[in-house]
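In: with the input below, show me the fold.
(2 chains)
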Amino acid sequence: MRPAHFAFLVLALAGGAFALTFVDAAHLRDARAQESAVTARLVKRLGLTDPVLFTEARYTRHPTQADLQSAFQDHPVAFEHFPSGSLIPPPAGILAAYEQLDRKTAPSD
Amino acid sequence: MNSWIEKQRHLIDFTLASLARRKTKNLGLFVIYTLLVFVLASVALYTHALRFEAQKVLAGSPEIVLQRLVAGRHDLIPPGYLEKIGRIRGVQKIEGRLWGYYYDSVVKANYTFMVPRDMKIERGEIVVGPALERSRGLAAGNGISFRAYTGELHTFIVADVLPEASELMSADLVLMHEDDFRAFFKIPPGHYNDIALSVANPQEVRNVAIKLLTTLPDSRPILRDEVLRTYASIFDWREGLLLALLSAAILAFGIFAWEKAAGLSAEERREIGILKAIGWETGDVIKMKFWEGLLISLTAFFTGYTAAYAHVFHLGASLFEPVLKGWAVLYPRFSLPPHIDGLQIATLFFFTVVPYTAAVLVPIWRAATTDPDTVMRS
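Out: Okay, here's the model as predicted:
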């Protein structure tokens, strides 16, 4: 096989895979549309306002309904420390220490 | 036409042979190029799909949520507020909502306790979200106890589990009967956590919100538009944050590609000199290098993008998931439907393929237009 033909074959394969992603996206969208519809129905039915993306603290669970106040309400590992919490999870050492503390104290709110 | 195609084929043959002579360097460039496209495309695809899905499902959330603020903090809605709001023109439906948070020290996570609007739940029973089912090992028929903030232990029977398909919105929910909720949180009858309003005419939402503020000065109306905007900005912000972190890598690639493309090695210079000496025209040398740039950048773009697509929509975006989604003890499992933004992909294509192809051509054009003897001797 000529090198040029080989190059075109590789490019065609890569281009074909690129084009296939759009076909696959349409297929997946249809397949997952049912799940989206179930979620949308539940949102309407229960009147939900926020996705369950940041559940560690009350003020991050429903960011759109949040209180006008600051972080560090519960304890240092029980919140999604926005914005640094989006970069790194808490160190294992701190987590272990607070687990202990957590068992000894009453719920915070 | 045929002779033109044949000529391009020969040029590509020659280009590939030339690339193969500097195999390691070119392969390294291709791998880094592909990785860069992969990372940028992963971030773009994931964020867009998440943003789109959030906007889609939240389109059904209440048009206005009214909170009452006392000293800058939420407070319960006292009796009488619902009647006052009922007199405002344009308001179609008013519902007092009962919902709140409960911190479960067993799994160290916050749950959202809620009284559903139109779901019948018997007293002493609860309907739980799928993540709760997983973390506490619950199933329909199981019993579970929660310690209220008064110290009393309340036991509930799990009547049902919400569908897994809705996990993005319902993972941490605990739905219960109104009387159970009031008894658990000691909320007196007639009081609510907030009020959900629907407005007959969508054009009137803002006017209704203004009337609400006039009628109830201690209230804080939150519009659905604001909810949608909040999520758009949260995901934009996270995408921006990740791209800012990646900017060092993008810059490093830029320098690497420029050095590779702009700084001709002595060997490449000699090669161009020889080609010109044996009769190649400047145009041919430029075409040859154009093919080199195009083949590398196009293949890298297609490969990187396809890998990013598979990573995001088939492998759950495992590499960037914690940064883009956030992390938590109680976390939903969900598969995003792919929504691809054509403009985003076109921008990615433009900023990855075009600059490299162009950067390859400039020094070649400079070397190819000088005298072969000078090029070979320099």
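In: output the contacting helices and strands for the longest helix that chain B contains.
Out: When every helix of chain B is counted residue by residue (DSSP state H), the longest turns out to be helix B:224-262. Using 3 or more C-beta pairs under 8 Å, 6 or more residues apart in numbering or on different chains; DSSP states H and E as the contact criterion, the neighbours of helix B:224-262 among helices and strands are helix B:23-58, helix B:321-325, helix B:342-368. All C-beta atoms are positioned from the backbone trio N, CA, C, and that covers glycine.
In: can you list the buried residues in the last one?
Out: Right, the one you point to is helix B:342-368. Within helix B:342-368, the residues that qualify as buried are B:345, B:348-349, B:352-353, B:355-357, B:359-361, B:363-364, B:367-368, counting by 16 or more other C-beta atoms under 10 Å in any protein chain shown.
In: can you tell which of the helices and strands packed on helix B:224-262 is closest to chain A?
Out: helix B:23-58 (4.8 Å; C-beta to the nearest C-beta).
In: beyond that closest one, next helix or strand please.
Out: Next along the chain after helix B:23-58, taking DSSP states H and E as the criterion, comes strand B:64-70.
In: buried ones in that following strand?
Out: Within strand B:64-70, the residues that qualify as buried by neighbour count (16+ other C-beta under 10 Å) are B:64-68.
In: how about stretch B:134-141?
Out: Per 16+ other C-beta under 10 Å, stretch B:134-141 contains these buried residues: B:134-136, B:138.
In: how far does that stretch sit from its chain's centre?
Out: On the basis of C-alpha atoms, centre = their mean, to the nearest Å, stretch B:134-141 is displaced by 30 Å from the centre of the chain it belongs to.
In: if we can go back for a sec, ok, and which of the buried residues of strand B:64-70 reach chain A?
Out: Intersecting the buried residues of strand B:64-70 with the surroundings of chain A, defined as C-beta under 8 Å from any C-beta of the partner chain, gives B:65, B:67.
In: please identify which of the buried residues of strand B:64-70 is nearest to residue B:114.
Out: residue B:65 (13.3 Å; C-beta to C-beta).
In: leaving out the residues flanking it, which one is nearest to that closest one?
Out: Nearest residue to residue B:65, sequence neighbours excluded (C-beta to C-beta, 6 or more residues apart in numbering or on different chains): residue B:222, at 4.6 Å.
In: same check on residue B:85?
Out: Here the nearest residue to residue B:85 in space, its sequence neighbours aside, is residue B:94; by C-beta to C-beta, 6+ apart that works out to 5.4 Å.
In: what do you get for residue B:138?
Out: Using C-beta to C-beta, 6+ apart, the nearest residue to residue B:138 is residue B:158, at 5.1 Å.
In: same question for residue B:185.
Out: Distances taken as C-beta to C-beta, 6+ apart place residue B:100 nearest to residue B:185, at 5.9 Å, with adjacent residues excluded.
In: tell me how far residue A:5 lies from residue B:5.
Out: Distance check for residue A:5 against residue B:5: by C-beta to C-beta, to the nearest Å, it reads 12 Å.
In: still on that earlier bit, that's a helix at the residue nearest to residue B:65, yeah?
Out: No: judged by DSSP: H, G, I helix; E, B strand; the rest coil, residue B:222 forms no part of a helix; its state is strand.
In: so where's the longest helix in chain A?
Out: helix A:3-46.
In: report whether it contacts chain B.
Out: Yes: using C-beta under 8 Å from any C-beta, helix A:3-46 reaches chain B at A:3-8, A:10-11, A:14-15, A:17-18, A:20-22, A:24-25, A:28-29, A:32-36, A:38-46.
In: tilt between that helix and helix B:23-58?
Out: Taking axes from the mean of the first three to the mean of the last three C-alpha atoms, to 10 degrees, one finds that helix A:3-46 is oriented at 20 degrees with respect to helix B:23-58.
In: which other helices and strands does helix A:3-46 contact?
Out: Where contact means 3+ C-beta pairs under 8 Å, 6+ apart, helix A:3-46 is packed against helix B:2-21, helix B:23-58, helix B:167-170, helix B:282-313.
In: rounded mean pLDDT for it, please.
Out: Helix A:3-46 carries an average pLDDT of 91.
In: again, but for stretch B:342-361
Out: For stretch B:342-361, the per-residue pLDDT values average out at 83.
In: so residue B:168 touches residue A:39, yeah?
Out: Yes: using C-beta atoms under 8 Å, residue B:168 and residue A:39 qualify as a contacting pair, with a distance of 5.8 Å.
In: report the set of residues contacting both of the two.
Out: Between them, residue B:168 and residue A:39 have residue B:57 as joint contacts when contacts are counted by C-beta atoms under 8 Å, 6 or more residues apart in numbering or on different chains.
In: what parts of the stretch 201-350 of chain B come near chain A?
Out: On the criterion C-beta under 8 Å from any C-beta, chain A has as its neighbours in the stretch 201-350 of chain B the residues B:222, B:226-227, B:230-231, B:234, B:237-238, B:241, B:245, B:295, B:298-299, B:301-303, B:305-306, B:309-310, B:313, B:322-323, B:325-332, B:334-340.
In: give me that answer again for 7 Å
Out: Contact residues of the stretch 201-350 of chain B with respect to chain A, defined by C-beta under 7 Å from any C-beta of the partner chain, are listed as B:222, B:226-227, B:230, B:234, B:238, B:241, B:295, B:298-299, B:302-303, B:305-306, B:309, B:313, B:322-323, B:325-332, B:335, B:337-338, B:340.
In: of these, buried ones?
Out: The neighbour-count test (16+ other C-beta under 10 Å) marks B:222, B:227, B:230, B:234, B:238, B:241, B:295, B:298-299, B:302-303, B:305-306, B:309, B:313, B:322-323, B:325-332, B:335, B:337-338, B:340 as buried among these.
In: can you get me the start-to-end distance on stretch B:272-287?
Out: In terms of C-alpha to C-alpha, to the nearest Å, the two terminal residues of stretch B:272-287 are separated by 12 Å.
In: next one: stretch B:186-201
Out: 37 Å.
In: ok, stretch B:99-109 next?
Out: The first and final residues of stretch B:99-109 sit 16 Å from each other (C-alpha to C-alpha).
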